[in-house]
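J.: pasting the structure only:
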């Protein structure tokens, strides 16, 4: 599939992430949030184990705005968008990366705030009714679910697709289901789901990212958790678009688990071959992986923090 048009540039504002730091400095590619307004100190932004980014894509004189994931708690998400003065009035769509609560937590409140205003783009498995984790002690922990009926009731349109999806004006593409090609990215070994009467391993078929092609720079790949594997996603994106130049990789990389050291090492090696110009690990990447990526890619690495605005 091709058809992804070039954007002049994009900006990406971090509405929710696991980390916040008031002392980070701005530069020509990252604008850190203000802490003073009208002569007063602002309340602090909220960080949570969650993910949400507000994306603006620029082409000629037009700006296209989308929201990728909606964080976890309504308190944290709505506190941050108020402090950051994010305006959703001209939002083209809300895209869900997958069906975990730390990515859809505030969605229904957003939809209820202005019923029938927002288009939702999601994989059908986002609405799976039983996902759970198996703990070593034998317990099963059920995951919160997103109700399709509520989304249908309050959204303008619900676009459910397993395939890549181009919008708006063909400037952003979802990855759709990601082809699994590496031999080291195995997902979450303790994650399971139920389809009908059948219990199966949860390989997160709904895990998807976003792609933007920035003129003269290459592809920007944005992930929620990368349960499909960050290298799998990059390979899939290249195949999907026919474009080999990866300009930026931003989002959750999910480099944690029982094979953490091996997974980090092999991911770093693969990224060195891919040669992205910008690497920004977020959310569920893990502390050890984030530290390693900083050490291995000191020029390409950018530290995410709630409220940061990337200018790409």
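T.: Structure received. For clarity, every value in this text was computed on a predicted model and none was experimentally measured. Residues are numbered from 1 along each chain as shown.
J.: which residue lies farthest from the center of this protein?
T.: Distance to the chain centre peaks in the chain at residue 39, reaching 34.4 Å (criterion: Cα atoms, centre = their mean).
J.: got the confidence number for that one?
T.: Residue 39 is assigned 91 on the pLDDT scale.
J.: same deal with the one 5 residues further on?
T.: At residue 44, the predicted lDDT confidence score is 95.
J.: does it lie in a helix or a strand, and which?
T.: Remark: residue 44 resides in no helix or strand, with elements defined by DSSP states H and E.
J.: so who does it touch?
T.: Each residue near residue 44 by Cβ atoms under 8 Å, 6 or more residues apart in numbering is listed here: 20, 22. Backbone N, C-alpha and C define where each C-beta goes, glycine included.
J.: any idea how far it lies from residue 77?
T.: 15 Å (Cβ to Cβ, to the nearest Å).
J.: pull up the pairing partners for the helix or strand of the chain with the lowest mean pLDDT, direction included.
T.: Among the helices and strands of the chain, strand 36-37 carries the lowest confidence by mean pLDDT, DSSP states H and E, at a mean of 90. With DSSP bridges as the test, strand 36-37 is paired with strand 40-41 (antiparallel).
J.: avg pLDDT for whichever helix or strand comes after the strand it pairs with?
T.: The helix or strand immediately downstream of strand 40-41 is strand 52-59, counting by DSSP H and E. Mean per-residue pLDDT for strand 52-59: 98.
J.: how far out from the middle of the chain is the next helix or strand after strand 52-59?
T.: Per DSSP H and E, the first helix or strand lying C-terminal to strand 52-59 is strand 62-68. Here strand 62-68 is found 14 Å from its chain centre; the criterion is Cα atoms, centre = their mean, to the nearest Å.
J.: same check on stretch 133-152?
T.: That offset, for stretch 133-152, works out to 20 Å (Cα atoms, centre = their mean).
J.: and for residue 123, the neighbour number?
T.: Using other Cβ atoms under 10 Å, the number of residues around residue 123 comes to 25.
J.: so the closest residue to it other than its chain neighbours is in which element?
T.: Distances taken as Cβ to Cβ, 6 or more residues apart in numbering place residue 206 nearest to residue 123, at 3.7 Å, with adjacent residues excluded. Assigned by DSSP H and E, residue 206 falls within no helix or strand.
J.: now swap in the one 10 residues further on and tell me
T.: Here residue 216, judged by DSSP H and E, is contained in no helix and no strand.
J.: what's the distance between it and residue 277?
T.: Separation of residue 216 from residue 277 (Cβ to Cβ) stands at 12 Å.
J.: could you pull out the helices for the chain?
T.: Remark: helices assigned in the chain by DSSP state H are 74-84, 101-104, 107-113, 148-154, 230-241, 260-274, 287-296.
J.: which one of the ones you listed is the most hemmed in?
T.: helix 101-104 (a mean of 23; mean count of other Cβ atoms under 10 Å).
J.: distance from that helix to the middle of the chain?
T.: Remark: helix 101-104 is offset 11 Å from the chain centroid, using Cα atoms, centre = their mean.
J.: got any ranges where the chain has weak pLDDT?
T.: 1 (pLDDT under 70).
J.: tell me the centre residue of it?
T.: When Cα atoms, centre = their mean is applied to the chain, the residue found nearest the centroid is residue 224 (2.5 Å).
J.: for the residue nearest to residue 123, give me its contacts.
T.: Residue 206 makes contact with 98, 99, 122, 123, 124, 125, 126, 128, 177, according to Cβ under 8 Å, 6+ apart.
J.: quick check: closest non-adjacent residue to the third one.
T.: Looking back up the chat, that one is residue 122. Spatial nearest neighbour of residue 122, excluding adjacent residues (Cβ to Cβ, 6+ apart): residue 96 at 4.3 Å.
J.: hang on, isn't that neighbour packed against residue 106?
T.: No. Counting by Cβ atoms under 8 Å, residue 96 sits too far from residue 106 to count as a contact (11.5 Å).
J.: who's in contact with residue 178?
T.: Residue 178 is in contact with 207, 208, 209, 228, 229, 232, 233, 236, counting by Cβ under 8 Å, 6+ apart.
J.: what number of residues lie near the first one?
T.: It refers to residue 207. 28.
J.: contacts only, for it.
T.: Contacts of residue 207 (Cβ under 8 Å, 6+ apart): 97, 98, 178, 224, 225, 226, 227, 228.
J.: of the helices of the chain, which is nearest residue 312?
T.: Across these, residue 312 has its closest neighbour in helix 230-241 (15.5 Å, Cβ to Cβ).
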